[in-house]
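Chemist: This is a predicted model, with the sequence first.
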Amino acid sequence: MTPSKSTSINKAKAFKEARWAGDDINDPDPNVDVLYSPEISRGIRKLSFILFSEILEDSPVQSRANVFDPKKSNKDKELLESIKVSGIVQPIVVRSLEDSDDNLGFGVKEGDRKFAIVAGHRRVAAGKAAGLKGTEAMIARSDDDHELVTLAENMGRRELSSYERALALKSLQERRNMSVRKVSDAAGVSHTLTSRLFSALSAPDPLHSAWREGAISTNVVVDLKDHWGAIEVLKDKALAGMIKGLTQAGAKSLRDQLDAGTNLADALTSMGSPSLLVEQGVESVGKRGPYKKSDKRDVFKNNKAYKEAFVAAVQDVFSKIDQDKAEDLFNIAISQSVNDADTLWAAAGYIAKGGDQKKAVELALAAMQIPGARSLINKEIQLMKKAAANLNKFKSKDKSVAPFVKKYFPGI
């Protein structure tokens, strides 16, 4: 059966939105550039060679945090090398700052014309770095919507981050005083995605910085929204660094632990590994925190810090595991050189369900070596964390529901 036109459009939109949010999804057609779609190109009027010296203004809605830096970005380096060999293949888009010739800038001597970039800031920067004097450019009329052309081109760039896309949309909203619905309609994406991007821009610094650096996705930021207050006061750099590696699944696991009552320091620490903490030099002060950096030689205290965090987190999820059992489990894991947090949680879940504590770590180690088993166990542990996190909510609505849920998830 041939897919309908609407189905194809919906699939393309879904791929685009997933990429915008920072998800690991390949572009369905990497050769398609939205800038040259029929809807946009109707507004482009004339192709001409212009000098870089004639470009006097940038677009007010240019949203890249760093337009071009081949020393830090491999993609920028690749673009520079490509331009050195082949020149700028795809024309940039500019608008004339002249009042003559219907604002297209013709009739003025070459070198004396005045332009502003509408789209192509990165190509211009790379062209200058490659030693070029100018490039082909499409010149838009004054009555074209230049900001939307800039937005369309920026949104179509695969190297643009979800953070930079959020800035582009926010800039458009603020400059034109538009509603979220109108911004999303102009960009051709869902209102939900636009709202999530705008929400992520308001995140506390540890999350906002990690998102800006590309270390986490938009979805990770928004999934932790209920706990932004706790994250906002997180000052320890080692713990804040753990946020940078969070996947969406990891964010959900962290959220479930926080919902279950585990404090942020313990929840983050318990998601790491003893070897990671030893390397970072994290120790505890007081019962569970706050945490601070210590001498890397202080191995025992580093392990103790992780042990305290793990024991606290496990007890918050598994009511059938008391402090002694949790500590014994940790000690056995250390003696068997376990440095994988998932394996520790798998062993804890096994004990919580009535498994033999003496064999828990050994069996968990063997099971977690098999990808299929590891995936299933991780999903089960995540569900148990989520169930534990929601028990109080169930009790407030119907006291009979909590025992019912505990039967489905023995151990919580």
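Modeler: Cool, got the structure. Numbering: from 1, shown residues only.

Chemist: packing partners for the helix or strand in which Gln173 is found?
Modeler: Under the criterion of DSSP states H and E, Gln173 resides in helix 162-176. If contacts are counted by 3 or more Cβ pairs under 8 Å, 6 or more residues apart in numbering; DSSP states H and E, helix 162-176 sits against helix 146-156, helix 180-187, helix 191-200, helix 205-212, helix 218-223. For the C-beta atoms, the positions are set from N, CA and C on the backbone; glycine is no exception.

Chemist: same thing but at 6 Å, please
Modeler: helix 146-156, helix 180-187 (3 or more Cβ pairs under 6 Å, 6 or more residues apart in numbering; DSSP states H and E).

Chemist: can you tell me which of these the model trusts least?
Modeler: Across the helices and strands packed on helix 162-176, helix 146-156 has the smallest mean pLDDT, namely a mean of 58.

Chemist: Could you list the buried residues of stretch 129-138?
Modeler: The neighbour-count check on stretch 129-138 (16 or more other Cβ atoms under 10 Å) flags Ala129, Ala130, Leu132, Gly134, Thr135, Ala137, Met138 as buried.

Chemist: ok, residues contacting that stretch?
Modeler: Stretch 129-138 is touched from outside by 44, 47, 49-52, 80, 83-84, 88, 91-94, 127, with contacts defined as Cβ atoms under 6 Å, 6 or more residues apart in numbering.

Chemist: again with stretch 381-398
Modeler: 253, 256-257, 259-260, 317, 345, 349, 401-402, 405, 409, 412.

Chemist: Can you list the low-confidence ranges for the protein?
Modeler: Under the criterion pLDDT under 70, the flagged ranges of the chain are 1-45, 59-66, 99-111, 141-160, 272-303.

Chemist: Can you give me the domain assignment for it?
Modeler: As assigned by automatic domain parsing, the chain contains the domains 1-22+161-201, 34-159, 216-408.

Chemist: out of the ones you listed, nearest to Leu207?
Modeler: domain 216-408 (4.9 Å; Cβ to Cβ).

Chemist: The closest one: end-to-end distance?
Modeler: 33 Å (Cα to Cα, to the nearest Å).

Chemist: centre of the chain versus that domain, how much separation?
Modeler: 22 Å (Cα atoms, centre = their mean, to the nearest Å).

Chemist: contacting residues around the helix or strand containing Leu80?
Modeler: Secondary structure assignment for Leu80, by DSSP H and E: helix 74-86. Applying Cβ under 6 Å, 6+ apart, the contact partners of helix 74-86 are Phe68, Asp69, Pro70, Ala126, Gly127, Ala129, Ala130, Glu159.

Chemist: Taking those residues, please make a PyMOL selection of just the buried ones.
Modeler: Only the buried entries of the contacts of helix 74-86 go into this PyMOL selection, using 16+ other Cβ under 10 Å:
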select buried, resi 68+70+126+127+129+130
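
Chemist: quick one: which of the contacts of helix 74-86 sit in helices?
Modeler: Ala126, Gly127, Ala129 (DSSP state H).

Chemist: ok, those residues vs Leu329, which is closest?
Modeler: Within the ones in helices among the contacts of helix 74-86, proximity to Leu329 (Cβ to Cβ) peaks at Ala126, which comes in at 55.3 Å.

Chemist: following the longest helix seen in the chain, which helix or strand shows up next?
Modeler: Secondary structure assigned by DSSP H gives helix 371-397 as the longest helix of the chain. Using DSSP H and E, the next helix or strand after helix 371-397 towards the C-terminus is helix 401-408.

Chemist: which parts of that next one are buried?
Modeler: For helix 401-408, burial by neighbour count (16+ other Cβ under 10 Å) applies to Ala402, Lys406.

Chemist: same deal with stretch 173-189?
Modeler: The neighbour-count check on stretch 173-189 (16+ other Cβ under 10 Å) flags Gln173, Val183, Ser184, Ala186, Ala187, Val189 as buried.

Chemist: Out of those residues, flag the one nearest to Ser195.
Modeler: Among the buried residues of stretch 173-189, and counting by Cβ to Cβ, the member closest to Ser195 is Ser184, at 8.1 Å.

Chemist: contacting residues for the spatially closest residue to the closest one that is not a sequence neighbour?
Modeler: Ranked by Cβ to Cβ, 6 or more residues apart in numbering and with sequence neighbours excluded, the top spatial neighbour of Ser184 is Thr194, at 3.9 Å. Neighbouring residues of Thr194 by Cβ under 6 Å, 6+ apart: Val180, Val183, Ser184.

Chemist: one more time with 7 Å, if that's ok
Modeler: Contact partners of Thr194, counting by Cβ atoms under 7 Å, 6 or more residues apart in numbering, are Leu169, Val180, Val183, Ser184.

Chemist: Next one: the closest residue to the third one other than its chain neighbours from Asp58, what distance?
Modeler: Going back to what we said before, that points to Val183. Sequence neighbours aside, Gln173 is the residue nearest to Val183 in space, at 4.8 Å (criterion: Cβ to Cβ, 6+ apart). According to Cβ to Cβ, to the nearest Å, Gln173 stands 19 Å off from Asp58.

Chemist: Can you say which two of the contacts of Thr194 are spatially most distant?
Modeler: Maximum pairwise distance in the contacts of Thr194, criterion Cβ to Cβ, is 9.0 Å, between Leu169 and Val180.

Chemist: Pull up the distance across stretch 244-263, start to finish.
Modeler: Using Cα to Cα, the end-to-end distance of stretch 244-263 comes to 18 Å.

Chemist: Name the residues of whichever strand or helix holds Ala366 that come out as buried.
Modeler: Using DSSP H and E, Ala366 maps to helix 357-367. Buried residues in helix 357-367, counted by 16+ other Cβ under 10 Å: Ala360, Val361, Ala364, Leu365, Ala367.

Chemist: In JSON lines, list these along with distance to Ala238.
Modeler: Converted to JSON lines, these look like this (distance: Cβ to Cβ, whole Å):
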{"residue": "Ala360", "distance to Ala238": "29"}
{"residue": "Val361", "distance to Ala238": "26"}
{"residue": "Ala364", "distance to Ala238": "26"}
{"residue": "Leu365", "distance to Ala238": "27"}
{"residue": "Ala367", "distance to Ala238": "30"}
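
Chemist: ok, of those residues, which one's closest to His208?
Modeler: Ala364 (36.1 Å).
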